[in-house]
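# Here is a sequence together with a model predicted from it:
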4 protein chains.
Amino acid sequence: MFTPVDPLYEERIRQSFARQGAMRLIGAQLTRVEAGAADITLPYRADLTQQHGYLHAGILSTIVDTAGGYAGYTLFPADSSVQTVEYKLNLLAPGEGEFFVAEGRVAKPGRTLCIVQGEVYAHVGDRRTLCALMQQTLIVLHGRPDDATRRN
Amino acid sequence: MFTPVDPLYEERIRQSFARQGAMRLIGAQLTRVEAGAADITLPYRADLTQQHGYLHAGILSTIVDTAGGYAGYTLFPADSSVQTVEYKLNLLAPGEGEFFVAEGRVAKPGRTLCIVQGEVYAHVGDRRTLCALMQQTLIVLHGRPDDATRRN
Amino acid sequence: MFTPVDPLYEERIRQSFARQGAMRLIGAQLTRVEAGAADITLPYRADLTQQHGYLHAGILSTIVDTAGGYAGYTLFPADSSVQTVEYKLNLLAPGEGEFFVAEGRVAKPGRTLCIVQGEVYAHVGDRRTLCALMQQTLIVLHGRPDDATRRN
Amino acid sequence: MFTPVDPLYEERIRQSFARQGAMRLIGAQLTRVEAGAADITLPYRADLTQQHGYLHAGILSTIVDTAGGYAGYTLFPADSSVQTVEYKLNLLAPGEGEFFVAEGRVAKPGRTLCIVQGEVYAHVGDRRTLCALMQQTLIVLHGRPDDATRRN
């Protein structure tokens, strides 16, 4: 469906993911990278919860924003980086499950902007429940390769 | 401007905040609770970052969603709890700073729904930069006190 | 997939649509009503445009907000009415076409809130282009039948 | 607060507004143009309503999207045009009033993107009620002057 301009996108994204301190902290893993798609899987942990013991909406956001960003980034050129412009998230069910999978899927790629849809599923045994829905806008930062863009 | 129906709202909110595993994990503090307003402060840490070393957008979301939720919750009755229905976040500047302050402010309270606006500022020395803007919808869960609502 | 509680939902929705002054003004038609789904079709007209001659983003919003609202309303009880709480719209392509079809599809029904996704397609001959993507939150107003709810 | 790069922005915007078929159709007027700000005023009309006789949410969107777009456009260069990337709208009160004023205010200008906040007030006599809140992302289309960008 989508043809990436950089055939080495998967390696580029796995290295970028490995540089994310936040993903390590919460225990998230990049479990799928394909043209226009990325999944992130997160096991439930008590230190990721809000006041009622459910996964915190912000943690759901963290994995789905990241899955969406990398879904888009699969289609970006090698010498670019990706930034989230904005996103909107609806929470459909409490973050209750053994693990969570955030799925980012490109809806519309573009030279400057890329529009992505995201879903988060809560898994219990072999059942899954849709618990969040996202719509996101990314920007392509041309000429700024991911591994050369660093905060001082 | 707003008159809380529960005069003991501050204590109720501080106890709720203390139950959030995610706030402890990331090192966030509840630094302001007033009628219709709540602030959360978060020092920068390398384990809260995205791939370029900036504070992760999802972590910004986590603090501003929480600040917004508690801003609304100051105006809810004692025997209710608060849930985020949805929010939308624009990222205006990279998450670069010594610490971050997320400010939630109620725009429109209501019996069932409450609309909140949020801002996140990145602080460096005595300068601050607006780095995120949020618009959020909360729902009042009547008859479900915060400390009695627990995931099994 | 969805089982409406009111078997007469289609008639209820067609009557509601017929009461909308705005739909008549812009020339929109309700072209599909099924459980959890509604489509609205709008022919292009020069008096519905923005400054460059494309269909105005606000007019796209008008049809997709309405399609989304009625998609949800198919699943509401007979003695309720529907209100949009909020929506977010991404514009993916200019509103350029002979006619436009807005499709509302329920993502998650609920007793109080209903989450809907919407798409708008621009049609030229037998080709169609996705030009807008929406995520929407509706509220069920119980005990307030649509035809008895009137502005004075 | 903002310094426009094009001192003739007001005339440019008034001419652009005059080219909008949709604004004429609904009877909207551009009642304020300042650096980073634009207001649009719309008298109530029965043919702009939804099923309960209130101003249609899509019509509220139409005026606030336009006010936001022109608020941003005041700060764009003379040889550019403006496009809405996306917006999110919360409806806080029914669209009930004698006339409506949509206010667009720039939150963060930028070379490529511009973030805007919008409000719509319903006026009855000398009272006004906040009925909608918007957060919007615009894109600057450089080298494409507004009056030279036309649909064929």
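Yep, it's here. Numbering: from 1, shown residues only, chains lettered A, B, ... in the order given.
# From here on, just use CA atoms for contacts and neighbour counts.
OK.
# Looking only at residue counts, what's the top helix in chain A?
helix A:57-73 (DSSP state H).
# anything in that one sitting right up against chain C?
No. Contact check for helix A:57-73 against chain C, using C-alpha under 8 Å from any C-alpha of the partner chain: none in range, with a minimum separation of 14.7 Å.
# same for that helix, what does it pack against?
Other helices and strands packing on helix A:57-73, by 3 or more C-alpha pairs under 8 Å, 6 or more residues apart in numbering or on different chains; DSSP states H and E, are helix A:9-18, strand A:29-34, strand A:37-43, strand A:81-91, strand A:99-108, strand A:113-124, strand A:127-141, helix B:57-73.
# can you redo these as CSV with mean pLDDT and mean neighbour count?
Putting the helices and strands packed on helix A:57-73 into CSV (pLDDT from 0 to 100; neighbours: other C-alpha atoms under 10 Å in any protein chain shown) gives the following:
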stretch, mean pLDDT, mean neighbour count
helix A:9-18, 97, 17
strand A:29-34, 98, 18
strand A:37-43, 98, 23
strand A:81-91, 97, 24
strand A:99-108, 98, 24
strand A:113-124, 98, 24
strand A:127-141, 97, 22
helix B:57-73, 98, 29
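# Turn these into a markdown table, columns for distance to residue C:129.
Rendered in a markdown table, the data for the helices and strands packed on helix A:57-73 read as follows (distance: least, C-alpha to C-alpha, whole Å):
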| stretch | distance to residue C:129 |
| --- | --- |
| helix A:9-18 | 27 |
| strand A:29-34 | 24 |
| strand A:37-43 | 21 |
| strand A:81-91 | 23 |
| strand A:99-108 | 11 |
| strand A:113-124 | 15 |
| strand A:127-141 | 19 |
| helix B:57-73 | 31 |
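# Would you mind saying which of those lies nearest residue B:10?
The minimum distance between residue B:10 and the helices and strands packed on helix A:57-73 falls on helix B:57-73, with 9.6 Å, by C-alpha to C-alpha.
# Kindly confirm whether my reading is correct that residue A:44 touches residue A:97.
Yes. A contact is recorded between residue A:44 and residue A:97 when judged using C-alpha atoms under 8 Å, the distance being 6.7 Å.
# In space, what's closest to residue A:22 - neighbours in sequence excluded?
Closest residue to residue A:22 in three dimensions, ignoring its sequence neighbours and counting by C-alpha to C-alpha, 6 or more residues apart in numbering or on different chains: residue B:48, at 4.3 Å.
# Report how many residues lie close to the one you found.
For residue B:48, the count of nearby residues is 24 (other C-alpha atoms under 10 Å in any protein chain shown).
# residues touching the closest residue to residue A:84 other than its chain neighbours, list them.
Spatial nearest neighbour of residue A:84, chain neighbours left out: residue A:138 (4.5 Å); criterion: C-alpha to C-alpha, 6+ apart. Taking C-alpha atoms under 8 Å, 6 or more residues apart in numbering or on different chains as the contact definition, residue A:138 lies against A:69, A:72, A:82-86, A:113-116.
# sorry, back to before: so what does the residue nearest to residue A:22 have for phi and psi?
According to degrees, to the nearest 10, the main-chain angles of residue B:48 amount to phi -120, psi 20.
# Could I get the CA-only coordinates of stretch A:141-152 as CSV?
Listed next in CSV are the C-alpha coordinates belonging to stretch A:141-152 (Å, rounded to 0.1, in the frame of the first residue of the first chain):
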residue,chain,number,x,y,z
LEU,A,141,12.0,17.6,9.5
HIS,A,142,14.0,17.3,6.2
GLY,A,143,17.8,17.4,6.4
ARG,A,144,17.9,16.5,10.1
PRO,A,145,18.7,12.8,10.4
ASP,A,146,17.4,11.2,13.6
ASP,A,147,20.8,10.2,15.1
ALA,A,148,22.3,13.7,14.5
THR,A,149,19.5,15.6,16.2
ARG,A,150,20.4,15.9,19.9
ARG,A,151,19.5,18.1,22.8
ASN,A,152,22.6,19.7,24.2
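# show me the contacts for the nearest residue to residue A:142 once chain neighbours are set aside.
Nearest non-adjacent residue to residue A:142, counting by C-alpha to C-alpha, 6+ apart: residue A:80, 4.4 Å away. Residues counted as contacts of residue A:80 (C-alpha under 8 Å, 6+ apart) are A:140-146.
# Then residue A:91?
Residue A:91 makes contact with A:57, A:131-133, B:84-86, according to C-alpha under 8 Å, 6+ apart.
# what's around residue A:125, how many residues?
Using other C-alpha under 10 Å, residue A:125 has 8 neighbouring residues.
# Enumerate every residue touching the residue nearest to it when sequence neighbours are not counted.
Using C-alpha to C-alpha, 6+ apart and skipping the chain neighbours, the partner closest in space to residue A:125 is residue A:98 (7.7 Å). Remark: with contacts taken as C-alpha under 8 Å, 6+ apart, residue A:98 is in contact with A:43-44, A:122-125.
# And those residues, which is closest to chain B?
Proximity of those to chain B, judged by C-alpha to the nearest C-alpha, is greatest for residue A:44, which lies at 11.6 Å.
# how deep is that closest one tucked in, by neighbour count?
By other C-alpha under 10 Å, the burial measure for residue A:44, its neighbour count, is 21.
# Quick check: phi and psi at it.
Backbone phi and psi, for residue A:44 under degrees, to the nearest 10, turn out to be phi -60, psi 140.
# OK, contacts around it?
For residue A:44, the residues meeting the contact criterion (C-alpha under 8 Å, 6+ apart) are A:55, A:97-100.
# which one among the contacts of residue A:98 gets closest to residue D:65?
So of those, ranked by how close each gets to residue D:65 (C-alpha to C-alpha), first place is residue A:122, at 35.7 Å.
# my guess is that closest one contacts residue A:99, does it?
Yes. Proximity of residue A:122 to residue A:99 meets the contact threshold set by C-alpha under 8 Å, at 6.1 Å.
# And the residue nearest in space to the middle of chain A, how far from residue C:57?
Compute the mean C-alpha point of chain A, and by C-alpha atoms, centre = their mean the closest residue is residue A:67, 1.4 Å away. Remark: distance between residue A:67 and residue C:57 (C-alpha to C-alpha, to the nearest Å) = 28 Å.
# How about residue A:22?
Shown here: residue A:22 relative to residue C:57, a distance of 37 Å by C-alpha to C-alpha.
# Pairing partners for the nearest residue to residue A:87 once chain neighbours are set aside in the sheet, please.
Leaving out its chain neighbours, the residue that sits closest to residue A:87 by C-alpha to C-alpha, 6+ apart is residue A:136, at 4.1 Å. For residue A:136, the beta-bridge partners are residue A:87, residue A:116 (DSSP bridges).
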